[in-house]
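Peer 1: Return atomic coordinates for the entry below.
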Amino acid sequence: MQHDGNIKSLPDLQVECMKHAEIMGWHDNPITFLDAMFLIMSECFEAGEAWRDHGFADMTPQIWFGDKPPKPEGVGSEFADILMRLLHYAAYFGIDLMTEYERKREYNLTRGHRHGGKLA
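Peer 2: Numbering: from 1, shown residues only. Below is the predicted model:
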């Protein structure tokens, strides 16, 4: 699958993920903030498991069943799940990710090299 060249804005992606979640029934019951964070973390764990099992290889099966594409598998797919959950829950809880990204980026530009003494 090739990228179509159309670039969507972060707010557009938030709306897209929110609408999809509504259609798929993920808004039938309210979700707490902590439940949402644990669901994002579960996708992070799945990315770690995918890497542990296969490195960065795309493990998506190449066999189609009818007109339905195969389920994407691998680190890239899990990263996409992390992004989609983040976009969805940011919209769900009313967080403007673009504004927060710009605000945090501007602040981070003022910080020192490897600030905080962290190893990674």
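Peer 1: Where does the residue nearest to Leu87 when sequence neighbours are not counted fall, secondary structure wise?
Peer 2: Among residues not flanking Leu87 along the chain, Cys17 sits closest, at 4.1 Å (CB to CB, 6 or more residues apart in numbering). No exception for glycine: its C-beta is placed from N, CA and C like everyone else's. The secondary structure element spanning Cys17 is helix 10-23 (assigned by DSSP states H and E).
Peer 1: That helix: which residues count as buried?
Peer 2: Of the residues in helix 10-23, those buried under the neighbour-count criterion (16 or more other CB atoms under 10 Å) are Leu10, Leu13, Gln14, Cys17, Met18, Ala21.
Peer 1: likewise stretch 21-33?
Peer 2: So stretch 21-33, judged by 16+ other CB under 10 Å, has buried residues Ala21.
Peer 1: which helix in this structure runs the most residues?
Peer 2: As assigned by DSSP state H, the longest helix anywhere in the chain is helix 33-54.
Peer 1: For that helix, name the packing helices and strands.
Peer 2: Contacts defined by 3 or more CB pairs under 8 Å, 6 or more residues apart in numbering; DSSP states H and E place helix 33-54 against helix 75-92.
Peer 1: Give me the local confidence score for the residue nearest the centre of the chain.
Peer 2: Relative to the mean C-alpha position of the chain, the nearest C-alpha, by CA atoms, centre = their mean, is the one of Leu83, at 1.1 Å. pLDDT, Leu83: 98.
Peer 1: Same check on Ala120?
Peer 2: 69.
Peer 1: Show residues contacting stretch 86-99.
Peer 2: 9-11, 13-18, 20-21, 26-27, 31, 33, 36-37, 39-40 (CB atoms under 8 Å, 6 or more residues apart in numbering).
Peer 1: quick one on the thing from earlier: so who does the residue nearest to Leu87 touch?
Peer 2: Here Cys17 is in contact with Met84, Leu87, His88, Ala91 (criterion: CB under 8 Å, 6+ apart).
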